[in-house]
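> predicted model follows, preceded by the sequence.
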Amino acid sequence: CGLPSPFTALEQLPTDTPLTDVILLDYGQDALLMRLHMIESARHSIDFQVYIFDLDESGILVMDALIQAAKRGVKVRLLLDQLYGLNRPGMQAKLAALHQNFELKLYSPMFNQAEISDAEFFAGILFRFQSLNQRMHTKLLLVDGKTAIIGGRNIQDRYFDWDPDYNYRDRDLWVSGPVTVEMAENFNAFWNSDRSKNTSELDDVAAELLKAQKNPNRL
């Protein structure tokens, strides 16, 4: 029951052609609107992989769209890097308990936590730099296995020309065609990696979920 999309025709290329349709998303507002449109038009699956996910205005819009998609029956898989991906144990506990269609994983979580202190971060630099430095910078939104956005933009106002003080100059590509099969394989490789952990497995998120057993209103 996703929204009708004018891009559907571009998804239906002949299966025997190697051609890929590409649309350049140069301006921030177009990049944000396209992401929201793709999420709201999804019918089966959303695979979303990003380095930074901030709950500012653009982040709240994207998260709300993802939640609504899960509630209407779309399988949502969200993979974030631990350092800058919604690193709030309480928020991640809420998302872990949100809906059976919504899955959230963190890539390479230091000290098996969603959030680390400054002291833990510097300890990681000194004693565990190799694992600390193994971050995930991929930015991919793949909808129904058929259309995708790839590029440089994270989910944060300054990537969409929406920050009042400072904005990045960046760009993305909307993509449809056979190459999306390889994108799905790449996402699955990250998703199934030993470095990707369900947030409910993390110590600080699990502690929040245990507290919620006695008081479900916490979530």
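Happy to help now that I have it.

> how about the helices in this protein?
8-11, 28-41, 57-71, 89-96, 118-127, 129-132, 179-191, 203-214 (DSSP state H).

> the closest residue to Gly177 other than its chain neighbours: how many residues sit nearby?
Residue nearest to Gly177 in three dimensions, not counting chain neighbours: Thr20, with 3.3 Å by C-beta to C-beta, 6 or more residues apart in numbering. Every residue, glycine included, has its C-beta placed from N, CA and C. If you count neighbours by other C-beta atoms under 10 Å, Thr20 ends up with 13.

> Thr20 contacts Val175, doesn't it?
Yes - counting by C-beta atoms under 8 Å, Val175 is a contact partner of Thr20 at 6.1 Å.

> just to revisit the earlier point, do you know how far the residue nearest to Gly177 is from Asp172?
15 Å (C-beta to C-beta, to the nearest Å).

> cool, and Tyr27?
10 Å.

> per-residue pLDDT of Ser176, please?
In this model, Ser176 is scored at 92, pLDDT.

> list the beta-bridge partners for it.
When assigned by DSSP bridges, Ser176 has beta-bridge partners Asp21, Thr147.

> neighbours of Phe38, just the number please.
I think there's a mix-up here, since residue 38 is Met and not Phe. When counting by other C-beta under 10 Å, one arrives at 25 neighbours for Met38.

> and it, how far is that from Val175?
11 Å.

> now do Pro164
According to C-beta to C-beta, Pro164 stands 31 Å off from Val175.

> more crowded one of these two?
Val175 (21 against 7).

> and the nearest residue to that one once chain neighbours are set aside, what does it touch?
With C-beta to C-beta, 6+ apart as the criterion, Val175 has its nearest non-adjacent residue at 4.8 Å, and that residue is Ala148. The contact partners of Ala148, by C-beta atoms under 8 Å, 6 or more residues apart in numbering, come to Leu140, Leu141, Leu142, Trp174, Val175, Ser176, Thr180, Met183.
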